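Chemist: Let's see this in three dimensions:
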Amino acid sequence: MKLTTLYYTTVFTVCVLSTSWAQNVLTLAEARSLAQSANLDIQAANLEAQAAGMQVYKANAGLLPRIDWNFNTNGSFNKVNLEFIDGRTLDRYGRSFAPGSNVSLSWTLYDGNRMQNRYDILKKQSELAGITAKQTTEELLRTVTEMYYSIVRQKYVLEYLQNSLKYYRERLTITEERWKVGRGSKLDYLQSQNDLNSQQAAIQNGELALSNMKVNMNLMLNRAADTTFETEDIQNDLTPYQYEEMLQKAVVNDETLQLMDKAIELNKLTVKDWEGSRMPRVGFTTAVGYNYSQTNAGQILNSQTLGINGGLTATWNLFDGGHTTKQIEIAKQQGSILETRKTLQLARVRTNITLALQGIKAADTNLNLEQQNKVLAEENLSIALEKFKLGASTILELNDAQQRYDASIQRYIDSVFALHFARLMAKEIVE
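Modeler: Numbers count the residues shown, from 1 in each chain. Purely as a prediction, here's the structure:
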């Protein structure tokens, strides 16, 4: 019975620990999802896009009529001295009270299509804010992905540093034994101890660097800085990237090009707005009102009016000192600048695609070489260590083999992640 209880207790503990560990793993997909939902920069950009969208309504462009309720009143008290043509006179303190109220409607009927043009401008500005928010999101996700890759890379570096400790410790043991029995120099022992300490210091510095990277990752995910997590291995990207296909997708998805397209469209609307200002402006006004006046200072003691009035207004600017013409020229010049910058951005996209493809090819070739170098360097270190044990080589030869092994491992890790980052660059270009 006790064995059964112990068995189930052990299984339960292992399951709990395994579950706890599994829940502590932060996948790349989860990191990107958290960034999208929790990052404050993205939230601010989305709110700005929503605010720009809220500006798109017809009344903001002047397309709808305006109705106002107006109320006014005035009064007076003064000394009145009147002398009429028929000889009558009026000499008294006079007072008057005249309240009035009306409901008025004003509506611009035509202004050279500037109202519709402004409405289109508001739409384009909203679309521009949406693209800007998307660009902010993409830039942050790119940063999150690169940080994730860097964390995984640092984990590999630490793993290598910790695994290589066995060679340093074995070397220290051999040199210590030789020194104590009089078969070796104390200098060899001291050098081995120094190299072991340096390796342990490198591990501590690497652990600190890894911890700092995780703190920065938590900041981007809007989590507590001390939130602990582990990362998963990065899956190899096997996408067969081709220049023409990448260029086609990049032209469609590049946020900078999208922003420039919207800026060009806004510039064209600006030109139309200035051209519309040359046309006459026609408006319609009407009002329904009531006015009342009471006074003891004249022949009419009180009066009341209730009625409706309306009319058309028209304004046409005939001369403004060439201001409109100059503004149209300036707007067209800005359009030329934007078109030139768009051409430059297209050239940058093509250049980035070429660099990405070259980077993938070079990184792949270099990785194959470094894989071979790593195997050779590890075999070389094993042979050198064995020879040193047998007294067939010096500490200098062993030290050289160890340094070559350390350098080959470091280059191998760099080449692995150089290929990861090269493929990541290509993926970011087309998405």
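Chemist: Quick check: chain neighbours aside, which residue is closest to residue 217?
Modeler: Spatially, and ignoring its direct neighbours in sequence, residue 217 is nearest to residue 147 (5.3 Å; C-beta to C-beta, 6 or more residues apart in numbering). Every residue, glycine included, has its C-beta placed from N, CA and C.
Chemist: And that neighbour, how far from residue 100?
Modeler: 70 Å (C-beta to C-beta, to the nearest Å).
Chemist: For the two, work out which one has more neighbours and name it.
Modeler: Neighbours were counted for residue 147 and for residue 100 using other C-beta atoms under 10 Å; residue 147 has more, 19 against 15.
Chemist: Need the three-state assignment for the residue nearest to residue 217.
Modeler: Following DSSP: H, G, I helix; E, B strand; the rest coil, the label given to residue 147 is helix.
Chemist: contacting residues around it?
Modeler: Shown in contact with residue 147 (C-beta atoms under 8 Å, 6 or more residues apart in numbering): 213, 216-217, 220.
Chemist: got CSV for those, with secondary structure too?
Modeler: Output for the contacts of residue 147, formatted as CSV (three-state DSSP):
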residue, secondary structure
213, helix
216, helix
217, helix
220, helix
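Chemist: What is the burial count for the closest residue in space to residue 174 that isn't next to it in sequence?
Modeler: Counting by C-beta to C-beta, 6+ apart, residue 174 lies nearest to residue 389, which is 5.9 Å off, once chain neighbours are set aside. The number of residues packed near residue 389 is 16, by other C-beta under 10 Å.
Chemist: Which per-residue confidence value corresponds to residue 389?
Modeler: With respect to pLDDT, residue 389 scores 83.
Chemist: and it, how far is that from residue 378?
Modeler: Per C-beta to C-beta, residue 389 is found 17 Å from residue 378.
Chemist: Please apply the same query to residue 169.
Modeler: 17 Å.
Chemist: And these two? Which one has more around it.
Modeler: residue 378 (16 against 13).
Chemist: which ones are touching that one?
Modeler: Contact partners of residue 378, counting by C-beta under 8 Å, 6+ apart, are 405, 408.
Chemist: Pretty sure it sits in a helix.
Modeler: Yes. Checked against three-state DSSP, residue 378 lies within a helix.
Chemist: Nearest spatial neighbour of residue 315, chain-adjacent residues omitted?
Modeler: According to C-beta to C-beta, 6+ apart, the nearest residue to residue 315 is residue 281 (4.7 Å).
Chemist: Run a quick neighbour tally on that neighbour.
Modeler: Neighbour tally, residue 281, other C-beta under 10 Å: 17.
Chemist: ditto for residue 125
Modeler: 17.
Chemist: Surely it and residue 53 touch.
Modeler: No. Counting by C-beta atoms under 8 Å, residue 125 stays clear of residue 53, with 9.4 Å between them.
Chemist: list the residues that contact both of the two?
Modeler: Common neighbours of residue 125 and residue 53 (C-beta under 8 Å, 6+ apart) do not exist.
Chemist: tell me the secondary structure for residue 101?
Modeler: Quick answer, by three-state DSSP: residue 101 is strand.
Chemist: thinking in terms of the whole chain, how far from its middle is the strand or helix carrying residue 397?
Modeler: Here residue 397 sits within helix 395-430, counting by DSSP states H and E. Using C-alpha atoms, centre = their mean, to the nearest Å, the mean C-alpha position of helix 395-430 is found 31 Å from that of the whole chain.
Chemist: And it, what's buried?
Modeler: For helix 395-430, the neighbour count (16 or more other C-beta atoms under 10 Å) marks 395, 398-399, 401-402, 404-406, 408-409, 411-430 as buried.
Chemist: What segments of the stretch 1-150 of the chain are strands?
Modeler: 25-26, 66-83, 89-110 (DSSP state E, counting those that start in this stretch).
Chemist: Save those strands as JSON lines, and put in mean pLDDT and distance to residue 370 too.
Modeler: Shown next, in JSON lines, are the strands of the stretch 1-150 of the chain (pLDDT from 0 to 100; distance: least, C-beta to C-beta, whole Å):
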{"stretch": "strand 25-26", "mean pLDDT": "90", "distance to residue 370": "28"}
{"stretch": "strand 66-83", "mean pLDDT": "85", "distance to residue 370": "74"}
{"stretch": "strand 89-110", "mean pLDDT": "85", "distance to residue 370": "72"}
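Chemist: Distance from stretch 184-204 to the middle of the chain?
Modeler: Worked out by C-alpha atoms, centre = their mean, stretch 184-204 lies 47 Å from the chain centre.
Chemist: re the thing from before, please name every helix or strand in contact with the helix holding residue 397.
Modeler: Applying 3 or more C-beta pairs under 8 Å, 6 or more residues apart in numbering; DSSP states H and E, we find helix 395-430 packed against helix 114-163, helix 165-181, helix 186-220, helix 243-253, helix 323-389.
Chemist: Lovely, talk soon.
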